[in-house]
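# Got a predicted model here, sequence first, then my questions.
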Amino acid sequence: MRHAPLTLASVALLLAAATAYAVKPQVWNHTTEKDFSAGTFDNTVVDSYGQLTLGRQLNPITMDATADVIPGFAQLPDGTVLAATNGDSRILRITDHKTQLLFTAPKDFPDITALATDSQGHLLVAVSGDEAELLQVSADPKTPPTPPTVLFHDQAVTTIWAIARGADGDLYLGTGPKGTVYKLDAAHQASTVLQTKAKNIVALAFDPHGNLLAGTDGNGLVIRVDKQTHKPFVLFDAGKADINALVPDDHGNLYVATAAISPEDA
C-alpha cells in the first residue's frame, strides 16, 4: 500500500502527457500592419513591413483649439522646444509638457512657414501673406516682449519655406514662388545663392563638407551648391515629387523625404 501514491502519480502523468499530445500546435504569421490592427499596443509599434518593435513613450501636449497645423519646431540653446502653430499663427514655448505663448504673428502675415535659431540664440520666424518676411524674435522669458526685427523682406518673395544656418553664421532662405535661395550675411544683407526653375525651394541643409543642399518642389530635385566654386549640381532627381526634408548624417549619407504631388499641381 505504500506504493499506491506513486502509482497514482504515474497514471496522472501519463494522462497529462496523452492530453498534451492530443493538442495540435497552431502558428500565426503576422507580416503586415493590418495583421496587428486588432491588437492593443503597449509601448510597441509596428512598421510598414509588419515588424513589431519597442516604441517610445509618448506624452501628448494639448494645443489650443484654434491651432490647425504645426508647421515646425525649433530648439533654443538652453534646450527649450518651440512649436509654431497655424490657424492662430503663434509660437509656443513647451516646458514640462505645457505650452506658453511666446509670439503671435502680425495680422498681415497669417501663416508661419518656418522657424529656426541664429548663432546668438535668437528665434527666427518666417511669416507669409501676400509677401513674406523673416523676423527675429526675442525668446528670453526674463525680458519684456519687444517688437520683432525684420531681417529680410523682398516683394518678389511670397513664402520662405526653409531656414538654414551656415557654419559661418550666415543664414540661408529657401523661398518661392521663383525657386530662389538667398543668403543673409551678418549685416542682414541679402544675396542670391541659387536660382532654379522650380517654384519653391522647400528644404535646406548642409552636408559634412559645408556644401549647401536645396530641395525643390514639383520636379523633385536635390541640388548641391559647392562651397568653393558656388556652382550647383543635381545630386538626386525624385521625378514629379516635392522634396520636403533633407537630413545628412556624419557618415556622408543624405536622407531625403519626398511627397508625391497631386494631379492638380502636376
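Right, received. Where do you want to start? Numbering: from 1, shown residues only.
# quick one: the strands in the stretch 101-250 of the chain?
In the stretch 101-250 of the chain, the strands defined using DSSP state E, counting those that start in this stretch lie at 111-117, 123-128, 132-137, 149-153, 159-165, 171-176, 180-184, 190-195, 201-206, 212-216, 221-225, 232-237, 241-248.
# Reformat those strands as TSV; add mean neighbour count, distance to residue 37 and mean pLDDT.
The C-beta positions use only the backbone N, C-alpha and C, and glycine is treated the same way. Converted to TSV, these look like this (neighbours: other C-beta atoms under 10 Å; distance: least, C-beta to C-beta, whole Å; pLDDT from 0 to 100):
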stretch	mean neighbour count	distance to residue 37	mean pLDDT
strand 111-117	22	35	94
strand 123-128	26	39	95
strand 132-137	22	43	95
strand 149-153	15	47	96
strand 159-165	23	36	97
strand 171-176	25	38	98
strand 180-184	20	43	97
strand 190-195	14	45	97
strand 201-206	24	33	97
strand 212-216	26	34	98
strand 221-225	21	35	97
strand 232-237	14	34	96
strand 241-248	19	27	95
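# want to throw those strands into a markdown table with distance to residue 60?
A markdown table is the format used below for the strands of the stretch 101-250 of the chain (distance: least, C-beta to C-beta, whole Å):
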| stretch | distance to residue 60 |
| --- | --- |
| strand 111-117 | 22 |
| strand 123-128 | 24 |
| strand 132-137 | 26 |
| strand 149-153 | 34 |
| strand 159-165 | 27 |
| strand 171-176 | 31 |
| strand 180-184 | 36 |
| strand 190-195 | 39 |
| strand 201-206 | 27 |
| strand 212-216 | 30 |
| strand 221-225 | 34 |
| strand 232-237 | 35 |
| strand 241-248 | 23 |
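# Give me the next element, helix or strand, following the lowest-mean-pLDDT helix or strand in the chain.
Within the chain, no helix or strand scores below helix 4-22, which has a mean of 51 by mean pLDDT, DSSP states H and E. Using DSSP states H and E, the helix or strand that follows helix 4-22 in sequence is strand 44-46.
# Next one: residue 189 from residue 247, what distance?
Relative to residue 247, residue 189 is positioned 29 Å away (C-beta to C-beta, to the nearest Å).
# again with residue 132
Residue 132 is 24 Å from residue 247, by C-beta to C-beta.
# Check residue 155 too.
32 Å.
# And for residue 50?
25 Å.
# Residue 76 too?
Taken as C-beta to C-beta, the span from residue 76 to residue 247 is 20 Å.
# swap in residue 58?
22 Å.
# go on, residue 107?
Counting by C-beta to C-beta, the gap from residue 107 to residue 247 is 34 Å.
# And for residue 241?
17 Å.
# residues near residue 80, how many?
Other residues lying near residue 80 total 15 when counted by other C-beta atoms under 10 Å.
# Excluding sequence neighbours, find me the nearest residue to it.
residue 93 (6.1 Å; C-beta to C-beta, 6 or more residues apart in numbering).
# isn't that neighbour right up against residue 99?
Yes: with contact defined as C-beta atoms under 8 Å, residue 93 reaches residue 99; the gap is 6.9 Å.
# that older thread, how about residues contacting the helix or strand that the residue nearest to residue 80 is a member of?
Per DSSP H and E, residue 93 falls inside strand 90-95. Contact partners of strand 90-95, identified using C-beta atoms under 8 Å, 6 or more residues apart in numbering, comprise 61, 63, 67, 80-85, 99-105, 112, 115, 123, 125, 137, 139, 141.
# Out of the strands of the stretch 101-250 of the chain, which is closest to residue 42?
Taking C-beta to C-beta, strand 241-248 is the member of the strands of the stretch 101-250 of the chain nearest to residue 42, at 29.8 Å.
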